[in-house]
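Trainee: Predicted model and sequence follow; I will ask about them next.
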Amino acid sequence: YSDIYSVSTTTTGWLSLLRNGWLNFTGIYIIANVLVENRQSEPFVQQVRQLNPELVLVMEVDQWWVDQLKVLKTSYPYVVEYPLDNAYGMALYSKLPLEEPNVAFLDDEQIPSIHTKVIMPATRNFMFHGVHPVAPVPSDKYPDGKGEKEVSLLKVGDMVAKERRPSVVAGDFNDVSWSRTSRLFGDRGRLYNIRLGRGLFNSFDANSYIERWPLDHIFVTRDFTVVELQRLPYIYSDHFPIYVRLALQQ
């Protein structure tokens with residue numbers, strides 16, 4: 001499969017989007033699990049600078065990573081940061097205003113998630129939910145979900161259903177999109193996986209050429225369509241970053 005999906009950039013492709021009311025771009029997004037132990041930040045910073053997305057969600061950030069990402073703040077004035085040493089720190093960098101950003105703990109007091117309204121110029125606003133549920137495998141070093149039922153994703157699905165507005169849910173789900181939990185989450189929030197019909201875009205394990213799985217996801221409500229989707233190059237993490245360009249229906 002290809003690591004790049006793109007709507008046709010021919011005149012016919014753009015006219016089709018326009019006729020269907022989709023030519024109202026919400027911009028470009030990058031989600032990246034940078035690996036808390038990774039001490040090479042420059043490849044990721046260069047990706048952000050090159051692609052110039054409107055929102056950047058970064059997972060597994062500790063204080064070192066937050067310090068390295070300060071260089072982005074001149075371009076991204078709206079920031080939510082919650083660094084942790086437990087591999088579940090999270091940060092959101094945005095060029096677009098964020099209204100009432102909130103760091104929540106949906107299932108575990110050690111596992112943050114970010115929830116905010118994103119203010120769009122000249123179009124509808126939308127909700128953004130950044131999540132990183134605990135891994136289902138045992139760990140002696142970091143929090144894990146061994147023997148526990150994953151509920152944080154289901155809570156986010158319920159939040160989206162109650163909000164009744166355009167929504168984006170993104171992050172390292174530590175789960176494949178065809179799992180029961182992921183499907184229930186999508187059903188509850190009436191969300192769809194942007195990968196469907198476009199490819200697997202396996203994001204983990206970046207250090208293996210044989211065993212790779214799609215663990216980093218972006219789910220959206222039906223208000224959105226995908227203009228472009230890419231798996232980005234290696235950044236010395238065990239995850240590849242994911243890049244997406246979305247359009248919001250007028």
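Mentor: All right, it came through fine. Just so we're clear, the structure is a prediction, and the values are computed from it rather than from any experiment.
Trainee: Could you use CA atoms for every contact and neighbour count after this?
Mentor: Fine.
Trainee: helices and strands of the protein: which one bottoms out on pLDDT?
Mentor: One helix or strand of the chain scores below all others by mean pLDDT, DSSP states H and E: helix 11-19, with a mean of 51.
Trainee: list the contacts for Cys190?
Mentor: Not quite, residue 190 is Arg, not Cys. If a contact means CA atoms under 8 Å, 6 or more residues apart in numbering, then Arg190 has Gly157, Ala161, Thr221, Arg222 as its contacts.
Trainee: what sits against the third one?
Mentor: Meaning Thr221. Pro166, Ser167, Val168, Gly189, Arg190, Leu191, Tyr192.
Trainee: Backbone dihedrals for the last one, please?
Mentor: Yep, that's Tyr192 we're talking about. According to degrees, to the nearest 10, the main-chain angles of Tyr192 amount to phi -130, psi 150.
Trainee: Val220 is in contact with that one, correct?
Mentor: Yes. Contact criterion CA atoms under 8 Å: Tyr192 and Val220 qualify, at 5.6 Å.
Trainee: more crowded one of these two?
Mentor: Using other CA atoms under 10 Å as the criterion, Tyr192 and Val220 rank with Val220 on top: 25 against 20.
Trainee: any idea what sits nearest that one, other than its immediate chain neighbours?
Mentor: Val168 (4.6 Å; CA to CA, 6 or more residues apart in numbering).
Trainee: The one you found: helix or strand, and which one exactly?
Mentor: strand 167-172 (DSSP states H and E).
Trainee: Just want the most central residue of this structure.
Mentor: Ranked by distance to the mean C-alpha position of the chain (CA atoms, centre = their mean), the top residue is Ala170 at 3.0 Å.
Trainee: which residues touch it?
Mentor: By CA under 8 Å, 6+ apart, the residues touching Ala170 are Ile31, Phe128, His129, Gly130, Val131, Asp216, His217, Ile218, Phe219.
Trainee: So which of those residues wins on neighbours?
Mentor: Among the contacts of Ala170, the one with the most neighbours (other CA under 10 Å) is Val131, at 28 neighbours.
Trainee: On the strand side of things, show who it bridges to.
Mentor: Beta-bridge partners of Val131, counted by DSSP bridges, are Gly171.
Trainee: pLDDT score for Val137?
Mentor: At Val137, the model reports a pLDDT of 54.
Trainee: For the nearest residue to Arg188 once chain neighbours are set aside, grab phi and psi.
Mentor: Leaving aside its chain neighbours, Arg188 sits nearest to Gly157 (5.1 Å; criterion: CA to CA, 6+ apart). Dihedral angles of Gly157 (phi, psi; degrees, to the nearest 10) stand at phi -60, psi -40.
Trainee: what do you get for the one 4 residues further on?
Mentor: Note on Ala161: its backbone torsions stand at phi -60, psi -40 [degrees, to the nearest 10].
Trainee: what pLDDT does it get?
Mentor: 89.
Trainee: Count the residues that sit near it.
Mentor: 18.
Trainee: ok, now Pro53?
Mentor: Neighbourhood size, Pro53 [other CA under 10 Å]: 20.
Trainee: From Val48, how far out is the closest residue in space to it that isn't next to it in sequence?
Mentor: Leaving aside its chain neighbours, Pro53 sits nearest to Ile28 (4.5 Å; criterion: CA to CA, 6+ apart). For Ile28, the distance to Val48 equals 11 Å [CA to CA, to the nearest Å].
Trainee: For the closest residue to Leu69 other than its chain neighbours, what are phi and psi?
Mentor: What sits nearest to Leu69 in space, not counting adjacent residues and going by CA to CA, 6+ apart, is Val45, at 7.3 Å. Dihedral pair for Val45: phi -60, psi -40, per degrees, to the nearest 10.
Trainee: And Val45, how close does it get to Leu232?
Mentor: On the measure of CA to CA, Val45 and Leu232 end up 13 Å apart.
Trainee: got it, and Asp223?
Mentor: Distance of Asp223 to Leu232, given as CA to CA: 25 Å.
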